[in-house]
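Asks: with the sequence up front, the predicted model follows.
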Amino acid sequence: MEANIQRPETGSSAGKTPFYRLRLFVAGSEPNSDKAKAVLANLRDKYLRGCCEINVVDVFENYQAAIDYQIVAIPTLIVESPPPQKVIVGSLSNEDTVLDALGLAGREVQL
Amino acid sequence: MSDDRIPYQELQEQLQRAEATLSALRRGEVDLVIGETQPLVVRFKDLVEEKDRLLQETDRLAKEWQTTFNSVGDAIWILDAEQRVLHSNKATEHILHCSAQEVAGKHCWEVIHGTTKPIPNCPLLRTKKSLQRESLELQLGERWLKVTVDPIVDADNQFTGAVHIVSDITGRKQTEAALQNSLQEKTQLIRELYHRTKNNMQVIMSMLMLQAEFTEDEQTRDMLQGTNSRIHAMALVHEKLYQSQNLSRINLNEYIQDLAQLLAQTYRVTPNKITLAFDLEPIPVLIDIAVPCGLVLNELISNALKHAFPHKQSGEISIRLRRAPDNELIILTIADNGIGMPRNFNYGRSETFGLQTIVAIVEHQLQGKIVFEEKNGLTCRMQFKDSHYEARV
Amino acid sequence: MPKKVNILLVEDEAIIALLLKRNLERAGYNVYKPLATGEAAVEAVKTNDVDVALMDIRLAGEIDGVEAAEKIVSLCNTPIIFMTGYVDNDVRERAQALNPVAYLVKPVTPNDITPVIAGLFGEGEKEI
């Protein structure tokens, strides 16, 4: 399990932005998993710089985690916080769906 | 109600999650599916790629097929098991003057013949029975159409439909008719030519006979009679050609028989005195062989009729015609059981007109060989090839 | 008393006609001046006493020998002898329909004709 934690920087304009805890379940370098990782990295850079913690779980390495989290299909993104918990299944190719789940719909790109 | 029932909220969430999962699966955005009770891992990547590839290929094939279907110049219909039109191509409009919408769902006989029932000899019904390609050429007003039907069968070899093709063959039919006409005209011309040649020969013969009547000299009369007989032998070839089917060959056996009988008539042979015996193999030959052959036979048979049986002696002239086993040579034998030739007669050095022409024709024109033999009369045997001429008509 | 058999000779080739006429006359028959067309032949049977018509089939003029013979037969029921180079089935059938005395295929020589006429009337003369 790799953790990628970014803390908000002082003086940032994203002061009101809540802290995001995301868990992405992937399967090695399968195409949909790679795509989901890329999409999420892009979203983080655009909107969540400094206010998110992303855990990427490779089920090839940690299969039990997938069972524990009751994951059915890979890739799956779980938005653990802010509550309520949300689950997105698939390669995150529809950006609107993801932004909606993160409550970021209509938000300006963070500069 | 039991205590372990799932709260509504949780049920809702599970349902949403299941729907999201199914939706992602349908979109091909899933790499793995994870079993709940045991670690069941299914790889989707290959399946998805294969599905995409298949979809693309199917799409490509469909386009390829549709383009082909529509670019063919014949009207093509795919028929269902009840012989109704499922699909029709673009050429349908051009050939049968009706649109795809007009044709769809109709029986072929309704469209082509305007009838409520199949026509007699309908190729479609024949195909249904035979499960083979069947076709029919039919005339529709000024036009000629060819209908070809191929069956479509299922795995159990049951008829499930057919490919029904209508081609406009008017052009071909017209060309065929024109060719047939032109051929007929030429045939007519050639026959006319043979007819006229023969007619002219009759005029020449009549002239010679008239001249013979005006002459007192016995020898001159004989000469004129001899020439007359030779022309008659040639005229007979033209008559046979005129009658023959292919206009270029005549049956040598039939010709020989007619010529021998004609000569027997000319020399007023009493039927019981001198008999003609034929043993002739059917051999078709070109005019180039028939004419020289006829001239030689004319001399030999005339000679036998005139000289072999003097003093009303009776006898037989036999004529035998064979093709040698190697197929190369024609062998012709004329034998009589008469008195034979005078002593000291040398055929090779003979000065008589008749014999000289025989030798010249056989050796020079037919490129063959001729031998005379004396044994219970006179036998003449000749052989020649018929392969050094080609049909010109 | 015996009377000579009268022959109508219809043949458009002058030389052939001349030869046949001479030979038939020598055999003791009376031969009218040969005619070259079917039309002339039909006219001739109306005004002459013809015992047998010797007809070529291909003739000068509009009608052929068979058509002329049809008219001659319907006018006077004259016996017909055809002589022709034609051996076409349809021509032959039309000719045979008239029930001719003979159908001789050319080249026809006097030797072919005299026995046919002799068979019909005897040697040159007929009993009235």
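Replies: That came through, no problem. Numbers count the residues shown, from 1 in each chain, chains lettered A, B, ... in the order given.
Asks: so who does C:Val91 touch?
Replies: C:Ile57, C:Val66, C:Thr84 (C-beta atoms under 8 Å, 6 or more residues apart in numbering or on different chains). No exception for glycine: its C-beta is placed from N, CA and C like everyone else's.
Asks: any chance of CSV for those residues, columns secondary structure?
Replies: CSV is the format used below for the contacts of C:Val91 (DSSP: H, G, I helix; E, B strand; the rest coil):
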residue, secondary structure
C:Ile57, coil
C:Val66, helix
C:Thr84, strand
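Asks: restrict these to contacts with chain A.
Replies: Taking C-beta under 8 Å from any C-beta of the partner chain as the test, chain A is in contact with none of the contacts of C:Val91.
Asks: in contact with the residue positioned nearest the centre of chain A, which residues?
Replies: Residue closest to the average C-alpha location in chain A (C-alpha atoms, centre = their mean): A:Leu22, at 4.2 Å. By C-beta under 8 Å, 6+ apart, A:Leu22 lies in contact with A:Leu40, A:Cys52, A:Glu53, A:Ile54, A:Asn55, A:Leu77, A:Ile78, A:Val79, A:Glu80.
Asks: kindly report the same for B:Gln16.
Replies: Residues in contact with B:Gln16 (C-beta under 8 Å, 6+ apart) are A:Val87.
Asks: that one is in what secondary structure piece?
Replies: Element membership for B:Gln16 (DSSP states H and E) is helix B:8-27.
Asks: buried residues in the helix or strand that that helix is followed by, which are they?
Replies: Beyond helix B:8-27 on the C-terminal side, the first helix or strand identified by DSSP H and E is strand B:32-34. For strand B:32-34, burial by neighbour count (16 or more other C-beta atoms under 10 Å in any protein chain shown) applies to B:Leu32, B:Val33, B:Ile34.
Asks: now swap in stretch C:96-112 and tell me
Replies: C:98, C:100-110, C:112.
Asks: in the sheet, who's paired with the closest residue to B:Gln132 other than its chain neighbours?
Replies: Closest residue in space to B:Gln132, ignoring its immediate chain neighbours: B:Pro151 at 7.0 Å, by C-beta to C-beta, 6 or more residues apart in numbering or on different chains. Note on B:Pro151: beta-bridge partners by DSSP bridges are B:Ala162.
Asks: next one, pLDDT for B:Pro151 please.
Replies: In this model, B:Pro151 is scored at 94, pLDDT.
Asks: now the one 5 residues further on
Replies: Turning to B:Asp156, the model gives it a pLDDT of 90.
Asks: let's verify it: helix, strand, or coil?
Replies: coil.
Asks: before we move on, what about A:Asp100?
Replies: Secondary structure, three-state DSSP: A:Asp100 is helix.
Asks: just want the angle from the longest helix seen in chain A to helix B:8-27.
Replies: Scanning chain A for the helix with the most residues, using DSSP state H, yields helix A:31-47. If you take axes from the mean of the first three to the mean of the last three C-alpha atoms, to 10 degrees, helix A:31-47 sits at 110 degrees to helix B:8-27.
Asks: what's the following helix or strand after helix A:31-47?
Replies: Following helix A:31-47 toward the C-terminus (DSSP H and E): strand A:52-58.
Asks: ok, the closest residue to B:Gln202 other than its chain neighbours to B:Ser23 distance?
Replies: Closest residue in space to B:Gln202, ignoring its immediate chain neighbours: C:Pro107 at 4.1 Å, by C-beta to C-beta, 6+ apart. Distance from C:Pro107 to B:Ser23, counting by C-beta to C-beta, to the nearest Å: 104 Å.
Asks: any idea which element the residue most central in space within chain C lies in?
Replies: Central residue of chain C (C-alpha atoms, centre = their mean): C:Leu54, 0.8 Å from the mean position. Per DSSP H and E: C:Leu54 is located in strand C:52-56.
Asks: quick check: which ranges of chain C have low pLDDT?
Replies: C:1-2, C:86-87, C:123-128 (pLDDT under 70).
Asks: list the buried residues for the longest helix of chain A?
Replies: Using 16+ other C-beta under 10 Å as the test for burial, helix A:31-47 gives A:31-37, A:39-40, A:43-44, A:46-47.
Asks: which residues touch the residue nearest to B:Gln132?
Replies: For B:Pro151, counting by C-beta under 8 Å, 6+ apart, the contacting residues are B:Thr127, B:Lys128, B:Leu131, B:Gln132, B:Arg133, B:Phe159, B:Gly161, B:Ala162.
Asks: and the residues you listed, which is closest to B:Leu247?
Replies: B:Arg133 (37.3 Å; C-beta to C-beta).
Asks: that closest one - how many residues pack around it?
Replies: B:Arg133 has 15 neighbours, counted by other C-beta atoms under 10 Å in any protein chain shown.
Asks: tell me how many other residues crowd the closest residue to it other than its chain neighbours.
Replies: Of all residues not flanking B:Arg133 in the chain, B:Asp150 sits nearest, at 5.0 Å (C-beta to C-beta, 6+ apart). Here the count is done by other C-beta under 10 Å, and B:Asp150 has 15 residues near it.
Asks: can you name the residues that contact B:Asp150?
Replies: Contacts of B:Asp150 (C-beta under 8 Å, 6+ apart): B:Thr127, B:Arg133, B:Ala162, B:Val163, B:Ile165.
Asks: name the residues of chain C found near chain B, please.
Replies: Counting by C-beta under 8 Å from any C-beta, chain C sits next to chain B at C:13, C:15-16, C:18-20, C:22, C:85-87, C:105-112.
Asks: inside strands: which ones of the residues you listed?
Replies: C:Val105 (DSSP state E).
Asks: so which of the residues of chain C next to chain B sit within helices?
Replies: C:Ile15, C:Ile16, C:Leu18, C:Leu19, C:Leu20, C:Arg22, C:Pro110, C:Asn111, C:Asp112.
Asks: B:Gln245: what secondary structure?
Replies: Using three-state DSSP, the structure places B:Gln245 in coil.
Asks: okay, now it: neighbour count?
Replies: 7.
Asks: please apply the same query to B:Gln14.
Replies: With other C-beta under 10 Å as criterion, B:Gln14 counts 12.
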